[in-house]
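# How does the following fold in three dimensions:
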Amino acid sequence: MAKVKKGLGRRIANFPGVNDAVKAEAERRAERVRLVASAHTKTGAFVRSIKVIKAPGPHRRRDWLVAINDPNAKSINWGHIDRETGRPVRGIHAIEAGL
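Numbering: from 1, shown residues only. As a prediction, the model looks like this:
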């Protein structure tokens, strides 16, 4: 059985081009989320809130995240109940498009 050496991920993250490749993949995924979201936009706030950021924290210096800062992101993506009618509103499932 193969064994993975502890700390191997940190070593690989320091190889030339790895950080750029991880960031590029995050950008591709963010763009897929934006494409799906842009077809369902009223104000554009949800699409504008989609950003690629460096992951915070000392142990995650080389990671990149697709962040969505819209306060209604959960309701927009997965759906919600309309306050006025009480009917369910389907989500757009843009986040899943980026997976």
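# most centrally placed residue in the chain?
residue 66 (3.0 Å; Cα atoms, centre = their mean).
# Now find how far off-centre the helix or strand harbouring residue 36 is within its chain.
Assigned by DSSP states H and E, residue 36 belongs to helix 18-38. The chain centre lies 8 Å from the centre of helix 18-38; the measure is Cα atoms, centre = their mean, to the nearest Å.
# Show me what the mean pLDDT comes to for it.
Taken as a whole, helix 18-38 carries a mean pLDDT of 93.
# helices or strands up against it?
In terms of contacts (3 or more Cβ pairs under 8 Å, 6 or more residues apart in numbering; DSSP states H and E), helix 18-38 is packed against helix 45-48, strand 50-54, strand 64-68, helix 94-97. Every residue, glycine included, has its C-beta placed from N, CA and C.
# From residue 92, how far out is residue 4?
Between residue 4 and residue 92 the computed distance is 38 Å (Cβ to Cβ, to the nearest Å).
# quick one, which of those two is more surrounded?
When residue 4 and residue 92 are compared for neighbours, residue 92 comes out ahead with 19 against 7, by other Cβ atoms under 10 Å.
# what about that one, which SS state?
When classified by DSSP: H, G, I helix; E, B strand; the rest coil, residue 92 comes out as coil.
# Quick check on it: phi, psi?
When read as degrees, to the nearest 10, the backbone of residue 92 gives phi -90, psi -10.
# Quick check: the residue nearest to residue 66 when sequence neighbours are not counted vs residue 37, distance?
Excluding its sequence neighbours, the residue lying closest to residue 66 (Cβ to Cβ, 6 or more residues apart in numbering) is residue 30, at 4.6 Å. Taking Cβ to Cβ as the measure, residue 30 falls 10 Å from residue 37.
# Nice, that's everything, thank you.
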